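Trainee: Whatever this is, show me its structure:
(one chain, ligands or ions: 1)
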Amino acid sequence: MPPTHPSHWNAIYQKSQPEKLGWYEAAPQPSLGLINACNLPKDARMLHVGVGASTLLDALLEEDYSELIACDISEEALLKAQDRLGAEARKMTWIVDDLTDPNLLAGLAPVDLWHDRAVLHFFTEEKDQQTYFDLLRKLLKTGGYAIIATYNLEGVDQCAGLPVKRYNAHMLAEQLGPDFQLVQAIDYTYYMPSGDERPYVYTVFQRVVFSTVLFSTD
Ligand SMILES: C[S@@+](CC[C@H](N)C(=O)[O-])C[C@H]1O[C@@H](n2cnc3c(N)ncnc32)[C@H](O)[C@@H]1O
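Mentor: Take a look at the predicted model:
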């Protein structure tokens, strides 16, 4: 079974309430602050990949963002979020898909924001990382923002029973390529419900116009 198989994640979300999970946040910071700092209009298209049952969705609805897309490989996770949100859940688009083998995601219209907290680091195979960054590049508009939060280099090497790959901002910039400008990078210590510490790096990149035209001095 590949490590990112839906059954692995569905079993986790079936077994535990979201607030008991090792990545639960009662207040979804720093993501919410970083998203607001992008100063996008309220009707900007925001894609939240591997969003699980995150309270970030509730917080963004409260802030009146109207074009939210919630995606996860686990249908169970999204059902938990929908249950909690009730009628509010109808205000956003829900997509069950695999970032390492995107189908529905590949057909999405371009987005203004890509947000990922704690998903990319599960992709330890180079081909899966490649698929993830190819999709990001396919979907994010020029001028749009990519917010990626992963375990930093001091982080643990396992999470949710799976191995992880840790990053710093420089490594993420290399993967994204020259048309992504690093706007901000912060190291942030997350405290799990158990009280254990998990060191993350939060990065904000803006997609800019990159010209490969070389000027001759002749
Ligand atoms: C550690 S949890 C983080 C959830 C959420 N981003 C948060 O911060 O609360 C990782 C999430 O990524 C999802 N995930 C794992 N592999 C995935 C894949 N290949 N495609 C899409 N989502 C995936 C899991 O189902 C899970 O909800």
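Trainee: can you give me the strands in this structure?
Mentor: For the chain, applying DSSP state E gives strands covering 45-49, 67-72, 93-96, 111-117, 140-151, 158-159, 162-163, 180-191, 197-207.
Trainee: Could you work out which of these reaches nearest to the ligand?
Mentor: Taking C-beta to the nearest ligand atom, strand 111-117 is the member of those nearest to the ligand, at 3.8 Å. Glycine gets a C-beta too; all of them are placed from N, C-alpha and C.
Trainee: Test my guess that I148 contacts F205.
Mentor: Yes: I148 is within contact range of F205, at 7.4 Å (criterion: C-beta atoms under 8 Å).
Trainee: hey, what's in contact with both of those two?
Mentor: Here I148 and F205 have L172 as joint contacts, going by C-beta atoms under 8 Å, 6 or more residues apart in numbering.
Trainee: Looking at those two, which has the bigger crowd around it?
Mentor: For the pair I148 and F205, the greater number of neighbours falls to I148 (27 against 24), based on other C-beta atoms under 10 Å.
Trainee: partner strands of the worst-scoring helix or strand of the chain on mean pLDDT, parallel or antiparallel?
Mentor: The helix or strand of the chain with the lowest confidence, counting by mean pLDDT, DSSP states H and E, is strand 158-159 at a mean of 86. If you go by DSSP bridges, strand 158-159 pairs up with strand 162-163 (antiparallel).
Trainee: Mind naming the longest helix for this protein?
Mentor: helix 126-139 (DSSP state H).
Trainee: name the helices or strands packed onto that one?
Mentor: Counting contacts by 3 or more C-beta pairs under 8 Å, 6 or more residues apart in numbering; DSSP states H and E, helix 126-139 packs against strand 111-117, helix 169-176.
Trainee: Please write out the alpha-carbon positions of stretch 40-58 in PDB.
Mentor: Only the C-alpha atoms of stretch 40-58 are listed here, as PDB (Å, rounded to 0.1, in the frame of the first residue of the first chain):
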ATOM      1  CA  LEU A  40      -6.300  39.000  -1.500                       C
ATOM      2  CA  PRO A  41      -9.900  40.000  -2.200                       C
ATOM      3  CA  LYS A  42     -12.600  38.100  -0.300                       C
ATOM      4  CA  ASP A  43     -13.600  36.400  -3.500                       C
ATOM      5  CA  ALA A  44     -10.100  35.100  -4.300                       C
ATOM      6  CA  ARG A  45     -10.000  31.400  -5.200                       C
ATOM      7  CA  MET A  46      -8.200  29.700  -2.300                       C
ATOM      8  CA  LEU A  47      -7.200  26.000  -2.600                       C
ATOM      9  CA  HIS A  48      -6.500  24.200   0.700                       C
ATOM     10  CA  VAL A  49      -4.700  21.000  -0.100                       C
ATOM     11  CA  GLY A  50      -4.700  18.200   2.400                       C
ATOM     12  CA  VAL A  51      -6.800  20.300   4.600                       C
ATOM     13  CA  GLY A  52      -8.300  17.400   6.600                       C
ATOM     14  CA  ALA A  53     -10.800  18.600   9.100                       C
ATOM     15  CA  SER A  54      -8.900  21.800   9.900                       C
ATOM     16  CA  THR A  55     -10.600  24.700  11.800                       C
ATOM     17  CA  LEU A  56      -8.900  26.900   9.200                       C
ATOM     18  CA  LEU A  57     -12.000  26.400   7.000                       C
ATOM     19  CA  ASP A  58     -14.300  27.700   9.800                       C
END
